[in-house]
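1. Generate coordinates for the sequence data below:
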Amino acid sequence: MPPSLRLHSTHRRRGRSGRVAAGLVALATFAAVTGVVPTTYSATASACGTANVAQGRPSSASSTENAGSPASAAFDGDTGTRWSSAFSDPQWIQVDLGSSQQICKVILNWEAAYARTFKIQVSADGSAWSDATATVNGVSGTQSLDLSATGRYVRMTGLTRATAYGYSLWEFAVNTTGGGDDGGPTLPGGGDLGPNVRIFDPSMSSASIQSTLDTIFRQQESNQFGSQRYALLFKPGTYSGLNAQIGFYTSIAGLGQSPDNVTINGDITVDAGWFKGNATQNFWRSAENLAVVPVNGTDRWAVAQAAPFRRIHVRGGLNLAPNGYGWASGGYIADSKVDGTVGPYSQQQWFTRDSTIGGWTNGVWNMVFSGVVGAPAQSFPNPPYTTLATSPVTREKPYLYVDSGGAYRVFVPSLRTNSSGVSWANGATPGTLIPLTQFYVAKPSDSAATLNQALSQGLNLLFTPGVYHLSQTLNVTRPDTVVLGLGYATLIPDNGVVAMNVADVDGVKIAGLLLDAGTVNSPVLLRVGPDGASASHAGNPTSIQDVFFRIGGAGPGSATTSLVVNSNNTIIDHIWAWRADHGAGVGWNTNPADTGLIVNGDNVTAYGLFVEHYKKYEVIWNGQGGKTIFFQNELPYDPPNQASWMNGSTRGYAAYKVADSVTSHEAWGMGSYCNFSTDPSIVAERGFEAPNRSGVKFHDLLTVSLGGVGTIAHVINTTGGAAQGTATVPVNVVSYP
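-> Predicted coordinates for the structure are as follows:
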């Protein structure tokens, strides 16, 4: 809603009545068009506060003259520090008040390099701005502007400079009439991590630590669809004689700033004894940010989907297969160093990114390496290795750690381009430290309203392990917000709401969450950027990391699309979007879901894309300039018959659809499998579908019929033979077009 305006300036009062009249005309027009009479506020309606609500709040600017004059200096309460801009027009500086406020005054303390003309603007989301003043003539010194406006973000936009230098402010103060739109008291940052986070330190006996590990594993070993969630966190130091067996919904992580700050002389083990040696259902578990010295020289990590292995230093070898080399269908490694050899053995596919390995033994169908030092050479399909020397653009996942003073912080790694090897090869990973006091530490008992209030205050979110029911959408509107989950914190939208919306702003980080569809259909589970988002975020993209989606399995659930990415330049780094094929609430009409991922933004990059069993296209890519490095898919198992699974006159839906309008797209290491167990006569016309033009390129594609249960007639468009027959042999296409 456009703010009504009554402007006062200690230096300029002429024209006030004309501006008020213009404001009244605008309000009358708004009411005539909408039928709504907007609420207006004036500085005389209630007392204008004297507290500077902008002091210490997050701020940013269009530019800075140098490192000694940042935007934050205008909001630090110190008149001896200042923000100054580049020497050009226009420029702006803005502050995030943390929640929507009724703004009654702005006080600008100009240095000699002031604005000849400027505006004050307000915004609800930091993206769409409204003028809270007309163009104002600036003066050197203190300038006080009485106004009536409502917004969370306040911006001074300098239009013309009074000097040859930039714009320069000693202080930028904001006064309000109090209140806001959150309806509650200010929420605190920081706090305890709750009962489902177990923290270990080197002073504890190995026997007591092992007892806790064993107790949790016994509960979680086969607890595939239970509600229990755990994070096992180790403070810096050395631990000996441990075997940490990791079951469902369990994360093990070190609390050092670098992996080698925490060393476990022992094992971190995932095996498949609970499922008779079959590792294809070893989902939802993780290891992160520590070093392990395996007892027998080789660690075992036999996992399937949604089981990331990040920032781990294995001082030995790594075995990715279960004991007995049973079936396995994984997996994901990033930012890790394995001194010895990695042996996938029975693993059907695997993706490794920005790591260092001592060797790699074999491949079954699809092994993809991006920016991996020591990776085998490109050789698809025999062996089935797809190798890229570097990763185009990456940012490692944020993580919790303890500093030398015992304080908890979240570390946000910096953006890298054309990267290879681990981010910590030459010392600590470059990045930004955020104290836990700048996070709302969420517990499962928190309501969605409380979580939104925390976001509106400018806090980041740290979800402790547990299951969270959301009666309203979580709205992430502030640039650089971090939303981080521990121990597979699970968000369930109730009553058909969207679980989370992210505004079209820079640098949001969403990581470590499981989004589980509710019983009432949600149109989307996670939406990044509004429809029609158009801003460039090339310098500071939003990232989605270890975020997993589930439709059914734990019970009936429904969501039309799991993830929609509208914001340009977004990084998708390891997701598993899964319409459940087993568990509770599973059936063609019981857990309906059309599509796992829709990408509308341009220049979006996806690594480690796992999308399975959706009823229509699994992935739809509408944006230009997209890149996908590794894709694993299984088509839906359960169409009742061919007639129920038709795309117009085409038999079935492709797993990965690039829109006909797209002129630039590139993908590497892409696999789609079928297992039409309800009706083995069903045929999918193709695994991949894309416009046939030179700018749309695919490398190393394959389709597989699992045990001959169904057919995929072509690999991509009409290229590639049929995947069929009981031999379960891939059909490969090395390059397309």
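2. Tell me which residues are up against stretch 107-118.
-> 52, 79, 82, 84, 135-145, 156-163, 165-175 (Cβ atoms under 8 Å, 6 or more residues apart in numbering). Yep, even glycine has a C-beta here, placed from its N, CA and C like the rest.
3. Buried subset of those residues, written for PyMOL?
-> To isolate the buried ones among those in PyMOL, judged by 16 or more other Cβ atoms under 10 Å, type:
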select buried, resi 52+82+84+136+138+139+143+145+156+157+158+159+161+162+165+166+167+168+169+170+171+172+173+174+175
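4. now, which of the contacts of stretch 107-118 lie within strands?
-> When DSSP state E is applied, the contacts of stretch 107-118 are split such that 84, 136-137, 141-145, 156-161, 168-175 fall in strands.
5. can you pull out the helices in the stretch 1-150 of the chain?
-> Per DSSP state H, counting those that start in this stretch, the stretch 1-150 of the chain carries helices over the ranges 16-34.
6. remind me which residues of the stretch 51-200 of the chain are low pLDDT?
-> Residue ranges of the stretch 51-200 of the chain with pLDDT under 70: 178-185.
7. ignore the last one, the chain
-> Ranges of the chain meeting pLDDT under 70: 1-46, 178-185.
8. again, 50 this time
-> Residue ranges of the chain with pLDDT under 50: 1-45, 179-184.
9. And the helices in it?
-> Shown for the chain, the helices assigned by DSSP state H span residues 16-34, 206-220, 448-456.
10. Can you give the distance from the shortest one to the centre of its chain?
-> Centroid separation for helix 448-456 versus its chain: 18 Å, with Cα atoms, centre = their mean, to the nearest Å.
11. Please identify the buried residues of that helix?
-> Neighbour count says helix 448-456 has Ala448, Thr450, Leu451, Asn452, Gln453, Ala454, Leu455, Ser456 buried, by 16+ other Cβ under 10 Å.
12. With distance to Thr570 added, can I get those residues in TSV?
-> Below are the buried residues of helix 448-456 laid out as TSV (distance: Cβ to Cβ, whole Å):
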residue	distance to Thr570
Ala448	24
Thr450	27
Leu451	22
Asn452	22
Gln453	26
Ala454	23
Leu455	19
Ser456	23
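13. just checking, Ile93 touches Val154?
-> No: if you go by Cβ atoms under 8 Å, Ile93 and Val154 don't touch, sitting 9.6 Å apart.
14. residue contacts, the nearest residue to Gly266 once chain neighbours are set aside?
-> Excluding its sequence neighbours, the residue lying closest to Gly266 (Cβ to Cβ, 6 or more residues apart in numbering) is Leu242, at 3.8 Å. Leu242 makes contact with Ser206, Ile209, Gln210, Leu213, Ile264, Asn265, Gly266, Asp267, according to Cβ under 8 Å, 6+ apart.
15. try it again with 6 Å
-> Gln210, Ile264, Gly266 (Cβ atoms under 6 Å, 6 or more residues apart in numbering).
16. Likewise for Tyr488?
-> By Cβ under 6 Å, 6+ apart, the contact list for Tyr488 reads Arg229, Tyr249, Trp284, Leu514.
17. if I look at it, how far off is Thr50?
-> The gap separating Tyr488 from Thr50 is 47 Å, by Cβ to Cβ, to the nearest Å.
18. Next, count neighbours for Lys616.
-> Lys616: 18 surrounding residues under other Cβ atoms under 10 Å.
19. For burial, what's the neighbour tally of the residue lying closest to it once chain neighbours are set aside?
-> If the residues on either side of it in the chain are set aside, Lys616 comes closest to Asp594, at 4.5 Å by Cβ to Cβ, 6+ apart. Neighbours of Asp594 under the rule other Cβ under 10 Å: 17.
20. from here on, count from 754
-> That works, and once the first residue is 754, the last one we named lands at Asp1347.
21. Asp1347 and His1366 touch, don't they?
-> No: between Asp1347 and His1366 there is no contact under Cβ atoms under 6 Å: 11.5 Å.
22. surely Val1117 meets Gln1101?
-> Yes: the criterion here is Cβ under 6 Å, and Val1117 meets it with Gln1101 at 4.9 Å.
23. Who has more neighbours out of the two?
-> Between Val1117 and Gln1101, counted using other Cβ under 10 Å, Gln1101 has the larger neighbour count: 25 against 17.
24. Could you check how far the residue nearest to Trp1341 when sequence neighbours are not counted is from Pro1433?
-> Spatial nearest neighbour of Trp1341, chain neighbours left out: Asp1391 (5.0 Å); criterion: Cβ to Cβ, 6+ apart. In this view, Asp1391 and Pro1433 are 12 Å apart by Cβ to Cβ.
25. more crowded one of those two?
-> Just comparing Asp1391 and Pro1433: by other Cβ under 10 Å the higher neighbour count belongs to Asp1391, 21 against 15.
26. I figured that one hits Thr1343, correct?
-> No: contact between Asp1391 and Thr1343 fails when scored by Cβ under 6 Å: they sit 9.6 Å apart.
27. And the residue nearest to Lys1369, how close does it get to Val1339?
-> Using Cβ to Cβ, one gets 16 Å for the distance from Asp1347 to Val1339.
28. Kindly report the same for Gln844.
-> Taken as Cβ to Cβ, the span from Gln844 to Val1339 is 57 Å.
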